[in-house]
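Colleague: Give me a model of this one.
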Amino acid sequence: MTKHVHFIGIAGIGMSATALLMRMQGWEVTGSDEGFYPPASELLPRHGIRVRTPHAADNIPADADLIVVGKHAKLTMDNAEVAAAHATGKPITSYPDVLAGIARARQSLVVVGSYGKSTTASLVAWALTEAGCDPGYFVGAVPKNLGINAGLGTAPEFVIEGDEYPSSNTDPRAKFLHYDARTVLLTAAVHDHVNIFPTQADYEKPFVELIERLPQDGLLVVCKDEPHAMRVAAHAPSRVVTYALKDTSADYYLTDIVYGEISRFTLVARGKELGRFHTHLLGAHNLQNMAGAAALLLEKGLLTAADLQKGFASFLGVVRRMDKLTATSSVPVYEGFGSSREKARAAIDAIELHFPGRRLHIVFEPHTFSWRNRATIHWYDDVFRGADHLFMSAPPEHGAESHDQVSYGEIAERVSHNRDVTVVRLGHDQAENIETIVATLAPGDVVLLLTSGDLGGMIVKLVARMEELFGAPSLSQNEILA
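Modeller: Below you'll find the predicted structure:
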């Protein structure tokens with residue numbers, strides 16, 4: 001008899017990925033959320049998962065065998081559906097617990113860190129897939145090559161993007177502590193999620209706990225370029241392997257880097273050159289991610305250097321991570337996942353590296369709690385360095401009462417300290433905002449979108465308008481026939 005699981009808060013990236021994995025295992029899956037948005041709104045119906053909005057007590061199916069409650073579904077006193085779930089007396093759990101059960105019999109490769117983990121985990125999963133392996137994977141984004149953010153696979157390997165965020169409203173443990181990791185790749189431990197971790201020391205604690213749990217015969221792969229990560233790595237009882245972009249003291253590093261539309265580099269392992277590699281991905285940070293993925297896969301003996309050359313060359317990246325949105329516009333639009341200062345800065349550096357001398361216009365939404373919190377207002381002092389225009393939308397109001405939120409005006413005033421950047425505050429009229437943005441543009445400029453939200457639904461409309469204004473002219477029927 002088919003078992004039935006119901007997800008409360010299913011539109012979240014981790015919840016939707018877990019729901020997909022359970023569907024692949026043969027469960028009947030239903031869910032609910034306050035809103036239904038991509039990628040969940042595209043992926044879940046495709047796999048026969050029914051979703052209701054908004055939250056309501058009667059969303060819970062009478063035949064549900066298990067209920068999974070997400071962190072953002074709020075407590076029982078604020079969410080009638082969560083209260084009803086507890087009243088049923090049926091088993092209630094979190095998605096990290098479910099994922100841990102799915103991966104328990106597999107060889108888990110857990111990728112963690114304050115940035116780079118979605119791309120690195122996707123790259124590891126894709127390189128294994130391209131080499132003929134069929135790994136399981138769970139990623140907090142959608143890898144373009146794979147087209148979906150989770151897969152069961154049949155091989156022993158299971159790639160997991162691990163999250164330091166609390167597991168649920170009743171379980172404060174970091175999500176990645178559920179996975180009994182024996183192999184961990186740590187990209188960075190730079191302070192983030194200030195609403196949960198007020199200080200750098202608070203932020204490092206779950207990473208330290210994860211690393212201290214590694215068995216002596218386990219493996220930690222860590223980025224030597226990031227000092228906080230290296231400090232955490234000192235707690236490892238296991239073998240530690242380091243990687244870096246260029247640091248020749250690391251076990252794995254890159255040399256002879258040439259950046260371009262296709263970037264090329266040589267991978268070096270303990271002083272030995274392993275060959276020439278190339279990638280279509282933009283930015284030094286993505287080459288650093290490749291060094292980490294290579295270190296993990298080679299140290300585990302899962303792939304050869306030749307396998308990696310093939311996998312890196314064919315890897316298309318991750319949706320919303322330096323994602324080119326325009327097709328023909330002479331003003332290209334790239335989307336960076338600007339959920340933190342480090343991610344925003346990496347995206348800006350990538351644009352400057354690949355489009356030197358061109359004017360950069362940034363459209364920014366301070367969407368995450370970290371961008372909206374008074375404790376991190378200093379991020380705005382220099383994060384947009386190098387931009388010509390900054391078009392900024394107002395910070396969202398959801399959750400504003402739960403932390404010390406700064407105002408729209410305070411953010412704009414702080415950014416304006418950098419006198420090289422012209423700050424434009426966007427209003428509530430989308431059409432007017434789009435015309436304000438495009439009026440500043442000229443052929444050859446570059447636009448970078450930085451948000452972990454959706455700019456109020458403006459992204460698709462802005463890109464369409466730019467293709468209309470700056471795209472290649474369409475051919476007439478006579479020109480096509482000619």
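Colleague: Ramachandran coordinates for the nearest residue to residue 469 once chain neighbours are set aside?
Modeller: Counting by Cβ to Cβ, 6 or more residues apart in numbering, residue 469 lies nearest to residue 438, which is 5.8 Å off, once chain neighbours are set aside. In this view, the C-beta of every residue, glycine as well, is placed from N, C-alpha and C. For residue 438, the backbone dihedrals (degrees, to the nearest 10) come out as phi -70, psi -20.
Colleague: can you tell me which residues contact residue 438?
Modeller: By Cβ atoms under 8 Å, 6 or more residues apart in numbering, residue 438 lies in contact with 462, 465-466, 469.
Colleague: Please apply the same query to residue 472.
Modeller: With Cβ under 8 Å, 6+ apart, residue 472 has these contacts: residue 328.
Colleague: do residue 347 as well
Modeller: Taking Cβ under 8 Å, 6+ apart, we find residue 347 in contact with 283, 322, 334, 336-338, 448, 450.
Colleague: Now do the phi/psi pair for the closest residue to residue 245 other than its chain neighbours.
Modeller: Excluding its sequence neighbours, the residue lying closest to residue 245 (Cβ to Cβ, 6+ apart) is residue 288, at 4.5 Å. Taking degrees, to the nearest 10, you get phi -60, psi -40 for the backbone angles of residue 288.
Colleague: now swap in residue 219 and tell me
Modeller: phi -140, psi 130.
Colleague: what do you get for residue 161?
Modeller: Main-chain dihedrals, residue 161, degrees, to the nearest 10: phi -80, psi 110.
Colleague: Next, count neighbours for it.
Modeller: 27 (other Cβ atoms under 10 Å).
Colleague: ok, it to residue 430 distance?
Modeller: 32 Å (Cβ to Cβ, to the nearest Å).
Colleague: Same question for residue 17.
Modeller: Distance, residue 17 to residue 430, using Cβ to Cβ: 30 Å.
Colleague: Mind checking which of those two has more residues around it?
Modeller: Neighbour totals were compared for residue 17 and residue 430, and residue 17 leads with 26 against 15 (other Cβ under 10 Å).
Colleague: Please tell me I have it right and that one contacts residue 142.
Modeller: No. The pair residue 17 and residue 142 fails to qualify as a contact (Cβ atoms under 8 Å) at a distance of 9.4 Å.
Colleague: tell me, what's touching those two both at once?
Modeller: residue 149.
Colleague: what's near enough to touch the nearest residue to residue 355 once chain neighbours are set aside?
Modeller: Among residues not flanking residue 355 along the chain, residue 446 sits closest, at 5.0 Å (Cβ to Cβ, 6+ apart). Residue 446 sits next to 331-332, 334, 351, 355, 358-361 when contact means Cβ under 8 Å, 6+ apart.
Colleague: May I have the beta-bridge partners of residue 446?
Modeller: Taking DSSP bridges, one obtains residue 360 as the residues bridged to residue 446.
Colleague: for stretch 96-108, which positions count as buried?
Modeller: By 16 or more other Cβ atoms under 10 Å, the buried positions in stretch 96-108 come out as 96, 98-100, 102-103, 106-108.
Colleague: Can you tell me which of the residues you listed lies closest to residue 303?
Modeller: Of all the buried residues of stretch 96-108, residue 303 sits closest to residue 107, with 13.8 Å by Cβ to Cβ.
Colleague: For the stretch 351-482 of the chain, just list every one of the strands.
Modeller: All strands of the stretch 351-482 of the chain, identified by DSSP state E, counting those that start in this stretch, fall at 360-364, 389-392, 422-425, 446-450.
Colleague: Ok, which of these comes nearest residue 186?
Modeller: Closest among the strands of the stretch 351-482 of the chain, using Cβ to Cβ: strand 446-450, at 24.7 Å.
Colleague: and the gap between the residue sitting nearest the centre point of the chain and residue 338?
Modeller: What sits nearest the mean C-alpha location of the chain, by Cα atoms, centre = their mean, is residue 118, with 4.6 Å. Taking Cβ to Cβ as the measure, residue 118 falls 13 Å from residue 338.
Colleague: returning to that earlier point: in ChimeraX, how would I select the buried members of the contacts of residue 438?
Modeller: Of the contacts of residue 438, the buried ones can be selected in ChimeraX as follows, counting by 16+ other Cβ under 10 Å:
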select :462,465,466
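Colleague: Tell me which of the contacts of residue 438 fall in helices.
Modeller: The helices, defined by DSSP state H, take in 462, 465-466, 469 from these.
Colleague: Could you tell me which residues make contact with residue 198?
Modeller: Here residue 198 is in contact with residue 375 (Cβ under 8 Å, 6+ apart).
Colleague: Report pLDDT for it.
Modeller: Looking at residue 198, its pLDDT is 90.
Colleague: Kindly report the same for the one 4 residues further on.
Modeller: Model confidence at residue 202, given as pLDDT, is 95.
Colleague: Secondary structure element holding it?
Modeller: helix 200-212 (DSSP states H and E).
Colleague: counting contacts, what elements does that helix pack onto?
Modeller: Secondary-structure packing of helix 200-212 (3 or more Cβ pairs under 8 Å, 6 or more residues apart in numbering; DSSP states H and E): strand 183-186, helix 227-233.
Colleague: I'd like the average pLDDT over whichever helix or strand comes after that helix.
Modeller: Downstream of helix 200-212, the next assigned helix or strand under DSSP H and E is strand 219-223. Strand 219-223 shows a mean pLDDT of 98.
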